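Peer 1: Here is a sequence with its predicted model. Questions after.
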Amino acid sequence: MRDKMLDHLYHRSRVDAQITGNICLVAIVGVLALTLGEQFEPFRYGANWFEPVRLVWVETMADSDVRNTANQTGRGTWVLEQTLHVAGNFPPAQNRGPLFVRVIRPVSLSVVLVIGTLAIAYFIYASARRQTRLMNAVFANDSDMPYQRRWEEIRVTFWALDVTLAFILFFLLM
């Protein structure tokens, strides 16, 4: 009985560790989305598959124009640096302040990030499913079973975390 109980507790601790690992994965991707989210915009016009793209902030309205149009919210826009070089307007002549440049990572890096994150999440899910089956198989034929968690109850936790992960990845790429 003692060996069975230790085996059961081992598998149960592994399931708990995998739930914690999935929570950590969601947290890490969330922190990445908040800190590096502006660098991953694969759907932006001009984003390249294998090369980073530089964007330059271009002021589009003078201060007097802003005072005259109260419903205008923006004072500028991000423009591809390559477009400004072709137009012969780099650095932008209408900018009064310092030059702000932002880098957009290649689309291929965004694809690798999403596929890698989803692969890790699926690996954790499959490992937890296996550990749950092993945990429940230890006392499968005994009448004096300890507390058992069914896979259906544990699966809901992983689905909720994976849906959260999908939303974070969506906002990371927008």
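Peer 2: Received it, and whenever you're ready, just let me know what you need. Numbering: from 1, shown residues only.
Peer 1: Which residue ranges of the protein form strands?
Peer 2: With DSSP state E as the criterion, the chain has strands at 53-59, 76-80, 101-104.
Peer 1: Can you give me the buried ones in the last one?
Peer 2: Taking 16 or more other C-beta atoms under 10 Å as the neighbour-count basis, strand 101-104 is seen to contain the buried residues I104. Any C-beta I mention is one placed from the backbone N, CA and C, and that applies to glycine too.
Peer 1: Tell me who's in contact with I168.
Peer 2: I168 is in contact with 26, 29-30, 33, counting by C-beta atoms under 8 Å, 6 or more residues apart in numbering.
Peer 1: so what's it scoring on pLDDT?
Peer 2: With respect to pLDDT, I168 scores 93.
Peer 1: and it, how far is that from Q18?
Peer 2: According to C-beta to C-beta, to the nearest Å, I168 and Q18 sit 19 Å apart.
Peer 1: What about T35, how many residues nearby?
Peer 2: Neighbours of T35 under the rule other C-beta atoms under 10 Å: 9.
Peer 1: can you check A33 too?
Peer 2: 19.
Peer 1: The contacts of I168 into JSON lines, with extra columns for distance to R150 and pLDDT?
Peer 2: Conversion of the contacts of I168 to JSON lines gives the following (distance: C-beta to C-beta, whole Å; pLDDT from 0 to 100):
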{"residue": "V26", "distance to R150": "23", "pLDDT": "95"}
{"residue": "V29", "distance to R150": "28", "pLDDT": "93"}
{"residue": "G30", "distance to R150": "29", "pLDDT": "93"}
{"residue": "A33", "distance to R150": "33", "pLDDT": "90"}
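Peer 1: closest to D142 among these?
Peer 2: Taking C-beta to C-beta as the measure, D142 lies nearest V26 of these, at 36.0 Å.
Peer 1: Can you pull out the low-pLDDT segments for this protein?
Peer 2: 1, 61-74, 143-147 (pLDDT under 70).
Peer 1: What ranges does this protein have for its helices?
Peer 2: 2-36, 63-68, 81-87, 107-138, 151-173 (DSSP state H).
Peer 1: For R96, which of those helices is the nearest?
Peer 2: Closest among these, once you apply C-beta to C-beta, is helix 63-68, at 8.6 Å.
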